[in-house]
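> Here is the input, now give the coordinates:
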Amino acid sequence: MQDIADELNISKAAVSLALAGKSGVSDDLRNNVITTAVRLGYPIVDKVKRTNNNLLLLLDDGREKDSDFFYAVVSKCLNYAQKKDYNLLVSTVNSETQKQNRIPKVFYDIEAQGVVFAGNIKKNYVQTFLNAKIPCVLMVQHLYGLNVDNIVSANEEGGYELTKHLLGKGHRKIGYFADTSVFDSFSKRLWGYRKALEEAGIETGKYECVFDAAGEVPSEKTISPVMPKVASFYNSHNGGPTAWVAGNDITAVGLINEFRKRGYRVPEDISVVGFDGMPIAKSFHPKITTYDSQIDLLVKFSIDLIIKHIEKAGKIWYPVQISVIGRIIEGESVKVLI
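Reported below is the predicted structural model:
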């Protein structure tokens, strides 16, 4: 502790307050102390009293706008953690805090035993927690090169199964429509889509419509500007796709609405499938055929892993990556061509 104080030219008492998450020091000084402690190999997490069962679920602040998928994730995390006799606090982190690699004060305020990350969390930010030897699990999102427990949907498998489902209904001209700019899950779904087409001897790349919505939630605002490219497929003499694989259920809803504006009926003229198995897929008309991402299992594996990690504190830990295989839920948005 004295080494940290000497490094920053502050008192040993200030270092103690910062590491304990107590009041009396500014957030900037606390961040400097933590950053220096990590660099010097100081075991920060050992300074958090292990007298409670508190966990922190940390999302990027952009997920507040996702009223469907991440709402379900948060709700199920709260319920399952309670069943395991753990208290879960949900908090958000903005891009500036992530850029500064600052461990939020709330982590120390609640004396959290571990952190579950979800949403658009940056690699260097997660690495800050790992460097501090804080038990972590990364849920839903995959970040390459991190030695951390990672629980994700079987995105490539799901894209593959949805495309195979459409092929089985007689569709040969199948498009892929998704924003691939934020989460690599949408790119992996694209890979699965391509794999299914390749196995069927169908050329890939012809009807792919991927775009960058700058982190915006799928909506008319983000989807409408991409529709001219989609429309161009139908202006050719060969006609456009008879079916589309959308990146998720919200995107599927937006795509169907855009088709309707242009006079196309779903599924009579064009079939559309989604991904995630959200309630909107069932309540929308027509009910959307989708791939259930099994949020219950994503949450269960994530919470169980963080608890095991905490229980084995100080022991060698070998992180795992779990890919949860889902299932197709058939709706009314796919027309049978054979």
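
> Spell out the residue ranges of the strands in the stretch 101-250 of the chain.
114-118, 136-139, 149-153, 174-179, 208-211, 243-246 (DSSP state E, counting those that start in this stretch).

> which parts of the fifth one are buried?
When burial is assessed from 16 or more other C-beta atoms under 10 Å, strand 208-211 yields the following buried residues: 208, 209, 211. Bear in mind the C-beta positions are built from the backbone N, C-alpha and C, glycine included.

> Can you read off the pLDDT for residue 47?
pLDDT, residue 47: 45.

> looking at the strands of the stretch 101-250 of the chain, which is closest to residue 280?
Smallest distance to residue 280 across the strands of the stretch 101-250 of the chain (C-beta to C-beta): 12.1 Å, for strand 243-246.

> what is the rounded mean pLDDT of the closest one?
Mean per-residue pLDDT for strand 243-246: 98.

> And for it, what's in contact with it?
By C-beta atoms under 8 Å, 6 or more residues apart in numbering, the list of residues contacting strand 243-246 from outside reads 159, 162-163, 166, 169, 171, 173-178, 189, 193, 252, 255, 270-275, 334-335.

> ditto for stretch 96-112
Stretch 96-112 has contacts (C-beta under 8 Å, 6+ apart) with 20-22, 27, 30-31, 34-35, 48-49, 51-52, 54-56, 58, 60, 87, 89, 91, 93, 115, 121-122, 124-125, 127-129, 132, 134.

> And for stretch 72-86?
53-55, 57, 59, 87-88, 90, 116, 118, 139-140, 278, 295-296, 298-300, 302-304, 307.

> Which of the residues you listed fall within helices?
Of the positions in these, 295, 296, 298, 299, 300, 302, 303, 304, 307 sit in helices, assigned by DSSP state H.

> Going through those residues, which ones are buried?
With burial judged by 16+ other C-beta under 10 Å, the buried subset of these is 295, 298, 299, 300, 302, 303, 307.

> how much space between the first one and residue 93?
Read it as residue 295. Distance check for residue 295 against residue 93: by C-beta to C-beta, to the nearest Å, it reads 21 Å.

> if we can go back for a sec, narrow the contacts of stretch 96-112 to just the buried residues.
Among the contacts of stretch 96-112, those that count as buried by neighbour count (16+ other C-beta under 10 Å) are 20-21, 30-31, 34-35, 48, 54-56, 58, 60, 89, 91, 93, 115, 121-122, 125, 127-129, 132, 134.

> about what we covered before: among the strands of the stretch 101-250 of the chain, which is the most enclosed?
strand 243-246 (a mean of 29; mean count of other C-beta atoms under 10 Å).

> now that one, how far from the chain's geometric center?
The chain centroid and the centroid of strand 243-246 are separated by 21 Å, computed with C-alpha atoms, centre = their mean, to the nearest Å.

> Only C-alpha atoms, please: export that strand in CSV.
What follows is strand 243-246, C-alpha atoms only, in CSV (Å, rounded to 0.1, in the frame of the first residue of the first chain):
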residue,chain,number,x,y,z
ALA,A,243,-37.2,-15.2,-48.0
TRP,A,244,-35.0,-13.3,-45.6
VAL,A,245,-33.1,-14.2,-42.5
ALA,A,246,-33.2,-11.1,-40.2
